[in-house]
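Visitor: need a structure here:
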Amino acid sequence: MMRMLMRAFADLGTGSTNGAIDELPPEVDIALTEALVGLKRDPYIKLADAELRIISVFDELKYDRADMDVLSRSMREHAVEKLAPLGFRQVTGSSFQHSDTGVRILMPKSHALGGSPFDIARYTPRGAWDYYLLTPTQAACMMIDAYSTMKAMERIKTLIKTQPINILRISDYLEKKPAHDAFEQAVGHLQFVQREAVTSEPLRRRRALGSLRV
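Guide: Have a look, this model is predicted:
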């Protein structure tokens, strides 16, 4: 069914000059989203938020607040490997494109050394149907800015049970606004939830992704 829908969409030939597609039939979008949901079978990459169209890939279980928050080579290579069977091929150093639909997955680059994880997508606009490939910490920042406090906290807690985030690094870049104030008040609770996650199965025995790709 999914292949039939993709072929039907490919015949439409819709696309814009900046690489983003102009339209995507709902049934095709649903089929592609369901395929991306299947990434959860892999322990290192997942569709972190279908509503925000974020895919996240992680490496380390523990962080220092001074750690650079970037997609490492091993994280990028893992994404290439796992997205290929779904029809995504890497077309540039910072983007994938789905062969049938034209949907892109963009990997934003930080434009300043030590830049805020809240700014990661500021200089990488995407089309309505495109996805971002982010670190879990960057994904959490997008959730904080996009959702109500309660919804953001629930989404972040769900995320950190499978992909830990750098909570203290986020707290270092909080701004004076209600959503960020709410996160600051929840730091202690989120640290507890994450500590429980990384000391329990399946995370406690998980090796760093980089060590598996040497």
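Visitor: mind checking which helix or strand residue 46 is in?
Guide: Residue 46 is part of strand 45-49 when elements are defined by DSSP states H and E.
Visitor: List the contacts of that strand.
Guide: 33, 36-37, 39-40, 54-58, 78-79, 82, 134, 136, 139, 142-143, 155, 159, 162-163 (CB atoms under 8 Å, 6 or more residues apart in numbering). No exception for glycine: its C-beta is placed from N, CA and C like everyone else's.
Visitor: Is there a quick PyMOL command that grabs whichever of the residues you listed are buried?
Guide: In PyMOL, a selection of the buried entries from the contacts of strand 45-49 looks like this (16 or more other CB atoms under 10 Å):
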select buried, resi 36+39+54+55+56+57+58+78+79+82+134+136+139+142+143+155+159+162+163
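Visitor: Just the ones of the contacts of strand 45-49 in helices?
Guide: Judged by DSSP state H, the contacts of strand 45-49 include 33, 36-37, 78-79, 82, 136, 139, 142-143, 155, 159 as members of helices.
Visitor: how about those in TSV, adding pLDDT?
Guide: Converted to TSV, those look like this (pLDDT from 0 to 100):
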residue	pLDDT
33	96
36	97
37	96
78	95
79	96
82	97
136	96
139	98
142	97
143	98
155	97
159	97
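Visitor: quick one: contacts for the closest residue to residue 147 other than its chain neighbours?
Guide: Closest residue in space to residue 147, ignoring its immediate chain neighbours: residue 155 at 6.5 Å, by CB to CB, 6 or more residues apart in numbering. Listed by CB under 8 Å, 6+ apart, the contact partners of residue 155 are 49, 143, 147.
Visitor: bridging residues for the first one?
Guide: For residue 49, the beta-bridge assignment (DSSP bridges) gives partners residue 54.
Visitor: Can you report how many residues neighbour the residue lying closest to residue 86 once chain neighbours are set aside?
Guide: Excluding the flanking residues, the one nearest residue 86 by CB to CB, 6+ apart is residue 35, at 5.1 Å. By the criterion of other CB atoms under 10 Å, residue 35 has 17 neighbours.
Visitor: pLDDT below threshold where in this protein?
Guide: Along the chain, segments meeting pLDDT under 70 span 1-18, 113, 211-214.
Visitor: if we go to 50?
Guide: 1-2, 4-5, 8-13 (pLDDT under 50).
Visitor: where do the strands sit along it?
Guide: 45-49, 54-57, 88-92, 95-98, 104-106, 131-134 (DSSP state E).
Visitor: Distance to residue 74 added to those, as CSV?
Guide: CSV is the format used below for the strands of the chain (distance: least, CB to CB, whole Å):
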stretch, distance to residue 74
strand 45-49, 12
strand 54-57, 9
strand 88-92, 15
strand 95-98, 17
strand 104-106, 17
strand 131-134, 14
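Visitor: quick one: which of these is nearest residue 189?
Guide: Of all the strands of the chain, strand 45-49 sits nearest to residue 189, with 19.9 Å by CB to CB.
Visitor: As PDB, could you dump the C-alpha coordinates of that closest one?
Guide: Presented in PDB, the C-alpha positions along strand 45-49 are these (Å, rounded to 0.1, in the frame of the first residue of the first chain):
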ATOM      1  CA  ILE A  45      17.400   6.700  16.400                       C
ATOM      2  CA  LYS A  46      13.600   7.500  16.600                       C
ATOM      3  CA  LEU A  47      10.800   9.700  15.500                       C
ATOM      4  CA  ALA A  48      11.000  11.900  18.600                       C
ATOM      5  CA  ASP A  49       8.000  14.000  17.800                       C
END
